[in-house]
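Q: my questions concern the predicted model and sequence given below.
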Amino acid sequence: MTAEYQVRGDVAVITLNNPPVNGLGYATRRGITDGLANALGDAAVKAIVITGAGKAFSGGADIKEFGSPKALAEPNLLSVILALEASTKPIVAAIHTVCMGGGLELALGCHYRVAAPGTNVALPEVKLGLIPGAGGTQRLPRVLGVETALNMIVSGEPVKSEMLASLPGQKLFDKMAASAETVVAEAIEFAQGVVAKGSEMPLVRNLPCKHPQGDAYFQFAKNMVAGMAKNFPAPVKCVETVQAATKLKFDDGMAEERRVFTALMFTPESAALRHIFMAERGASKIPDVADDTPKREIKLVGVIGAGTMGGGISMNFLNAGIPVKILEMKQEALDRGVATIRKNYEAQVKKGKLKQDKYDQRMSLLSTTLSYDDFKDCDLIIEAVFEEMGVKEQVFKKLDEVAKQGAILASNTSTLDVNKIASFTKRPQDVVGMHFFSPANVMKLLEVVRGEKTAKDVLATVMAIGKKIKKTAVVSGVCDGFIGNRMIEQYSRQAGFLLDEGATPQQVDKAIEKFGFAMGPFRMGDLAGNDIGWAIRKRRAVEQPDMKYSRTADKLCELGRFGQKTGAGWYDYKPGKRDAIPSELVNKMVEDHRKELGITPRKISDEEIVQRLVFALVNEGAHILEDGIASKAGDIDMVYLTGYGFPIWRGGPMHYASQVGLYNVASTMKRFAANPLDDGAFWEPAALIQKLAAEGKGF
């Protein structure tokens with residue numbers, strides 16, 4: 001059973017025990033109602049206390065049951081709460097550590113609540129594109145007042161129990177306990193006091209619910225929320241459902257909450273957010289590496305290179321309280337790198353985002369060196385040197401000589417072969433790719449590249465350290481470009497073909513930005529540097545001479561237009577500004593190029609632009625799954641959501657394709673394959689897409 005029942009004196013204690021956060025799964029809900037029935041049927045029991053074992057009162061719904069019949073099976077959470085309210089004996093919730101979502105709604109169904117300080121209290125459903133669905137929008141405003149409750153429901157952020165207890169007029173907590181350790185004993189004592197006084201059983205549902213400004217306040221709240229959450233329907237629905245609590249009888253308000261909750265459950269935005277929630281948790285699970293794989297200790301990190309990348313990588317570890325030693329060949333390069341790190345932190349101090357003592361502490365963890373010998377104590381060494389195999393070879397041969405046994409040797413390469421890099425050492429089992437995205441101290445994504453010989457404990461350690469430095473770590477196998485850059489190449493190729501056929505860079509960028517991307521392919525090229533893609537295409541010309549590209553990007557680079565860093569790329573830029581100004585010169589260059597090829601430009605719709613760019617990602621993503629480079633579609637989505645600006649409310653390219661329907665995706669690809677100016681062979685739908693489409697399934 002995931003809820004335990006015991007009697008202490010004249011008080012029955014029901015303890016939720018479903019680790020890690022006492023999720024309210026079917027067995028737990030049954031345990032609560034069975035315990036309640038036992039208590040009500042025992043004449044010796046005068047009152048009931050409900051609490052949670054371990055490190056939580058309850059974190060709400062059991063995510064293991066999401067989407068399964070068990071999630072809705074009776075008694076559902078609404079039925080459990082009705083049973084608590086109908087109890088003829090007083091019920092006290094003993095709340096501690098975590099009280100969120102359905103856990104908070106459960107507590108609001110009890111007659112009294114005793115809380116430990118330091119408890120995180122929240123209704124986080126909005127983060128899954130939903131509203132609270134078991135009375136949260138109707139009961140919380142009654143105990144905290146409309147404004148505080150609405151802020152909590154719309155943000156989904158946790159608030160500490162002592163902060164809520166200090167609010168004037170709050171009725172959420174009847175007593176604050178001394179600590180999480182004593183909360184159950186204090187709740188039992190409180191329940192005995194209620195019995196001694198004559199067992200009053202107040203219900204939250206009977207409390208009044210009003211806002212002094214009424215509709216005017218809700219209109220203001222709606223406007224604020226709509227402006228901030230334009231692509232998500234749930235936040236505005238939170239406002240409307242709390243407004244219903246102030247206007248309708250309690251049961252009618254509950255019916256309205258249920259109606260809205262159910263409708264939101266079927267929106268694509270909620271499906272996307274729930275998918276992301278599961279995919280983020282799933283990314284840390286590697287099929288053949290058990291959760292209990294022993295991890296190596298990382299007490300000191302070495303970083304080779306003090307440039308933009310090396311500095312950004314170092315900051316991640318300093319922020320997490322891990323000492324870093326940076327190596328450079330020249331003292332001035334070191335000084336420059338450390339000065340940039342300082343400047344970044346000082347900017348945060350100025351904005352009030354970082355306290356001075358924290359800044360001092362982080363800088364004290366940083367040391368520098370000009371000699372590889374100083375890396376002999378490092379547990380993890382990451383190189384961020386020039387992206388060229390000869391350079392990597394020198395670095396890894398040197399590391400092989402100086403690094404201690406068991407040190408992890410990582411490469412920040414974005415495209416090079418990690419197996420080849422590992423072969424430069426006598427310890428390929430200790431070599432792994434750690435591909436950070438620029439700026440490395442800001443971007444959430446970390447591609448962890450698993451070589452053929454990378455040891456399982458190395459992988460487990462790097463995934464754990466990724467979590468510690470607050471990155472979303474996703475495992476990729478070895479191939480050219482790994483997951484993210486291998487897919488973006490197909491996306492960029494399509495962008496080039498669209499120019500050949502009649503689109504302008506602005507039209508392509510605008511269409512994909514309207515779809516929700518943070519930045520279109522041409523603005524992205526200008527930001528990253530068009531010369532980077534140029535170098536890759538030159539390498540491709542040697543390695544894969546049959547790979548077809550539009551020549552427009554090479555012509556742009558031949559004009560020296562590398563992007564923002566040269567003040568001109570696909571767009572023109574004014575000194576010191578990042579605004580992309582459409583360029584007459586580029587548009588003329590594209591037109592002349594079409595004439596050379598004898599292409600008559602055609603009008604291309606925004607819909608075609610979006611489909612060609614996004615489905616190019618999807619088809620390549622499917623090949624990546626077939627090749628075993630990624631172990632699941634959710635990992636590919638996490639790469640695109642955290643590293644490439646794919647719109648969150650669409651859930652990532654693979655999830656989006658499943659929403660559109662893979663049958664539709666495959667038919668569209670076949671249509672593109674018939675375009676003589678495109679790459680017909682590329683548009684042959686991946687075997688995986690054809691198989692899933694035939695079975696009527698998604699990724």
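A: Cool, got the structure. Numbers count the residues shown, from 1 in each chain.
Q: ok, and for stretch 372-384, which residues are buried?
A: Burial within stretch 372-384, assessed by neighbour count using 16 or more other C-beta atoms under 10 Å, is assigned to 372, 375, 378, 379, 380, 381, 382, 383, 384. C-betas here are computed from N, CA, C, even on glycine.
Q: what's the end-to-end length of that stretch?
A: End-to-end distance of stretch 372-384 (C-alpha to C-alpha, to the nearest Å): 14 Å.
Q: same question for stretch 169-185.
A: 26 Å.
Q: phi, psi for residue 207 please.
A: Backbone geometry at residue 207, expressed as degrees, to the nearest 10, gives phi -70, psi 150.
Q: isn't it right up against residue 145?
A: No - Residue 207 sits out of contact with residue 145 when judged by C-beta atoms under 8 Å, with a separation of 10.6 Å.
Q: quick one, which of these two is more surrounded?
A: Set residue 207 next to residue 145 and count neighbours by other C-beta atoms under 10 Å: residue 145 wins out with 18 against 13.
Q: distance-wise, check the more buried one relative to residue 211.
A: Residue 145 is 8 Å from residue 211, where distance means C-beta to C-beta, to the nearest Å.
Q: got it, and residue 402?
A: On the measure of C-beta to C-beta, residue 402 and residue 211 end up 67 Å apart.
Q: between the two, who's got more neighbours?
A: residue 211 (19 against 16).
Q: skip the chain neighbours and tell me the closest residue to that one.
A: Using C-beta to C-beta, 6 or more residues apart in numbering and skipping the chain neighbours, the partner closest in space to residue 211 is residue 146 (4.3 Å).
Q: what do you get for residue 54?
A: residue 19 (5.8 Å).
Q: okay, the one you found: pLDDT?
A: At residue 19, the model reports a pLDDT of 90.
Q: in the stretch 501-650 of the chain, what residue spans correspond to helices?
A: Using DSSP state H, counting those that start in this stretch, the helices found in the stretch 501-650 of the chain span residues 505-515, 521-528, 530-543, 552-558, 584-597, 606-626, 633-643.
Q: so how far is the last one from its chain's centroid?
A: Mean-position distance between helix 633-643 and its chain equals 9 Å (C-alpha atoms, centre = their mean, to the nearest Å).
Q: residues contacting it, please?
A: Helix 633-643 is contacted from outside by 275-276, 278-280, 282-283, 437, 443-445, 447, 472, 474-475, 483-484, 487, 617, 621, 624-625, 630, 646, 648, 651-655, 658, 699, using C-beta atoms under 8 Å, 6 or more residues apart in numbering.
Q: with stretch 194-201 instead?
A: 10, 46, 47, 87, 88, 89, 90, 92, 111, 112.
Q: which of those fall within helices?
A: Counting by DSSP state H, no part of the contacts of stretch 194-201 is found in helices.
Q: only whichever of those residues are buried, select them in ChimeraX.
A: Restricted to buried positions by 16+ other C-beta under 10 Å, the ChimeraX selection for the contacts of stretch 194-201 reads:
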select :46,47,87,89,90,92,111,112
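Q: closest to residue 413 out of the contacts of stretch 194-201?
A: residue 92 (58.4 Å; C-beta to C-beta).
Q: how far away is residue 455 from residue 293?
A: 10 Å.
Q: have a look at these two and say which one is more surrounded.
A: A side-by-side neighbour count of residue 455 and residue 293, using other C-beta under 10 Å, places residue 455 first with 21 against 17.
Q: just put the contacts of stretch 194-201 in a markdown table and tack on distance to residue 80 and pLDDT.
A: Output for those, formatted as a markdown table (distance: C-beta to C-beta, whole Å; pLDDT from 0 to 100):
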| residue | distance to residue 80 | pLDDT |
| --- | --- | --- |
| 10 | 24 | 95 |
| 46 | 22 | 96 |
| 47 | 18 | 97 |
| 87 | 11 | 96 |
| 88 | 16 | 95 |
| 89 | 16 | 96 |
| 90 | 17 | 97 |
| 92 | 16 | 98 |
| 111 | 15 | 97 |
| 112 | 17 | 97 |
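Q: between the contacts of stretch 194-201, which is nearest residue 184?
A: Closest to residue 184, out of all of those and judged by C-beta to C-beta, is residue 92, at 9.8 Å.
Q: residue 331 against residue 371, yeah?
A: No - assessed by C-beta under 8 Å, residue 331 is found out of contact with residue 371, at 11.7 Å.
Q: for residue 551, what are its contacts?
A: So residue 551 contacts residue 593 (C-beta under 8 Å, 6+ apart).
Q: what's the spacing between stretch 313-330 and its chain's center?
A: Centre-to-centre, stretch 313-330 and its host chain are 25 Å apart (C-alpha atoms, centre = their mean).
Q: average pLDDT for it?
A: Per-residue pLDDT over stretch 313-330 has a mean of 96.
Q: buried set for that stretch?
A: 313-320, 322-328.
Q: overlap of the contact sets of residue 331 and residue 371?
A: In contact with both residue 331 and residue 371: no residue, using C-beta under 8 Å, 6+ apart.
Q: if we can go back for a sec, to what extent is the residue nearest to residue 211 buried, counted in neighbours?
A: The burial count for residue 146: 23, using other C-beta under 10 Å.
Q: for it, give me its contacts.
A: 209, 210, 211, 217, 242, 245, 246.
Q: let's see 10 Å
A: 140, 209-214, 217-218, 221, 242-243, 245-246 (C-beta atoms under 10 Å, 6 or more residues apart in numbering).
Q: residue 447 now?
A: Residue 447 sits in contact with 412-414, 433-437, 466, 471-476, 481-485, 635, 639, 643, where contact means C-beta under 10 Å, 6+ apart.
Q: next, show the common contact partners of residue 207 and residue 145.
A: Here residue 207 and residue 145 share the contacting residues residue 171, scored by C-beta under 10 Å, 6+ apart.
Q: for stretch 511-521, C-alpha coordinates in PDB please.
A: Output of stretch 511-521 as PDB, limited to C-alpha atoms (Å, rounded to 0.1, in the frame of the first residue of the first chain):
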ATOM      1  CA  ALA A 511       7.800  33.100 -41.800                       C
ATOM      2  CA  ILE A 512       9.800  30.800 -39.400                       C
ATOM      3  CA  GLU A 513       9.800  33.500 -36.700                       C
ATOM      4  CA  LYS A 514       6.000  33.800 -37.000                       C
ATOM      5  CA  PHE A 515       5.900  30.000 -36.500                       C
ATOM      6  CA  GLY A 516       7.700  30.700 -33.200                       C
ATOM      7  CA  PHE A 517      11.400  30.300 -33.800                       C
ATOM      8  CA  ALA A 518      13.500  32.800 -31.800                       C
ATOM      9  CA  MET A 519      15.400  33.600 -35.000                       C
ATOM     10  CA  GLY A 520      15.200  32.600 -38.700                       C
ATOM     11  CA  PRO A 521      18.100  30.800 -40.500                       C
END
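Q: quick one: residue 99 is in a strand?
A: Yes - counting by DSSP: H, G, I helix; E, B strand; the rest coil, residue 99 is part of a strand.
Q: what's the distance between it and residue 199?
A: 25 Å.
Q: the more surrounded of these two?
A: residue 99 (28 against 14).
Q: show me the contacts for the spatially most central residue of the chain.
A: With distances taken as C-alpha atoms, centre = their mean, residue 280 lies nearest the centre of the chain, 5.8 Å away. Neighbouring residues of residue 280 by C-beta under 10 Å, 6+ apart: 472, 474, 634, 637, 638, 641, 642.
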